[in-house]
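# my questions concern the predicted model and sequence given below.
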Amino acid sequence: MILTSGLQKVFCAGLDITEFYNPNPDRLSKFWTTLQDTWLSLYTTSFPTVSVINGHSPAGGCLFAMSCDYRVMVGPNYTIGLNETKLGIVAPKWFQDTMVAVIGQRKAEVSLTTGKMYTTDEALQIGLIDESLPDANSALKKGTQFLNNFQKISPWAYKMTKDISRQPTVQWLIDNKQKDLDFVIKYMQSPTVQKNLELYLQSLKK
Ligand SMILES: CCCCCCCCCCCC/C=C/CC(=O)SCCNC(=O)CCNC(=O)[C@H](O)C(C)(C)COP(=O)(O)OP(=O)(O)OC[C@H]1O[C@@H](n2cnc3c(N)ncnc32)[C@H](O)[C@@H]1OP(=O)(O)O
């Protein structure tokens, strides 16, 4: 399965920030639960997955890319990263753990605390992506080549290997879905967080 975008320069702009701004708790609760379930399905899918990152990929976009088995990104002009601290919010534990699984504890901590958005070259250097290609067609071709590896791998062996590797992060979220939701609902209602989001949304307007 390949995840990519039909847009010209955005792979995924992350979660819709307007869902967090002046939120209705019931709506936010459904929104966040849907995100948790979608992520669990993607991260544990029995299909081999590749993200062909053909545009910018901040925050939730980076999470979805990192949740695939392999990342091919079009360079050099796009950026990717978990930039939550730049919005004055915090990437939840399972976002952070997904990043640690990809680039390791030290690089993830620096990346997360600074909210850094990496260029394609920088992302390749720290291992956030696996390959950089100059255009979308060659990136798609690379992604397809990666998936072809699995024609010779037992689906059962593939899935069990992936489950063992991803189990700690997956199990944490399964065991803590309500706690994670309560954290988001509680802090999203904080006046400080709301002010930060307001300023960030304003900064995006042209
Ligand atoms: C004190 C303790 C604090 C504790 C807090 C705890 C909180 C709990 C945890 C909660 C975690 C929540 C996790 C969230 C993860 C996320 O995904 S947050 C989203 C992060 N996304 C971004 O930062 C992306 C922002 N967008 C961009 O940088 C750019 O738009 C782009 C690079 C993606 C594309 O650039 P360009 O093509 O130039 O597009 P624009 O013309 O800028 O955008 C068009 C239009 O869309 C609006 N917009 C863009 N992104 C978003 C978004 N993610 N959500 C909502 N709206 C978005 C942008 O404002 C423009 O609007 P107008 O057309 O001008 O109205």
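Alright, I've got the coordinates.
# and for residue 35, the neighbour number?
As a burial measure, residue 35 scores 18 neighbours (other C-beta atoms under 10 Å). Using the backbone N, CA and C atoms, a C-beta is placed for each residue, glycine as well.
# for residue 184, same thing?
Neighbour tally, residue 184, other C-beta under 10 Å: 21.
# now it: closest residue in space that isn't a chain neighbour?
Leaving aside its sequence neighbours, residue 184 sits nearest to residue 32 (C-beta to C-beta, 6 or more residues apart in numbering; 5.2 Å).
# you'd agree the one you found is up against residue 182?
No - counting by C-beta atoms under 8 Å, residue 32 stays clear of residue 182, with 10.0 Å between them.
# the residue nearest to residue 184 falls within a helix, correct?
Yes - checked against DSSP: H, G, I helix; E, B strand; the rest coil, residue 32 lies within a helix.
# more crowded one of residue 32 and residue 182?
For residue 32 versus residue 182, neighbours defined as other C-beta under 10 Å are more numerous around residue 32 (23 against 13).
# ok, the more buried one to residue 20 distance?
10 Å (C-beta to C-beta, to the nearest Å).
# any idea which helix or strand carries the residue most central in space within the chain?
Taking C-alpha atoms, centre = their mean, the centroid of the chain lies closest to residue 63, which sits 0.8 Å from it. Using DSSP states H and E, residue 63 sits within helix 60-66.
# partners of the next helix-or-strand element following that helix in the sheet?
As assigned by DSSP H and E, the chain's next helix or strand after helix 60-66 is strand 70-74. Note on strand 70-74: by DSSP bridges, its sheet partners are strand 50-53 (parallel), strand 131-133 (parallel).
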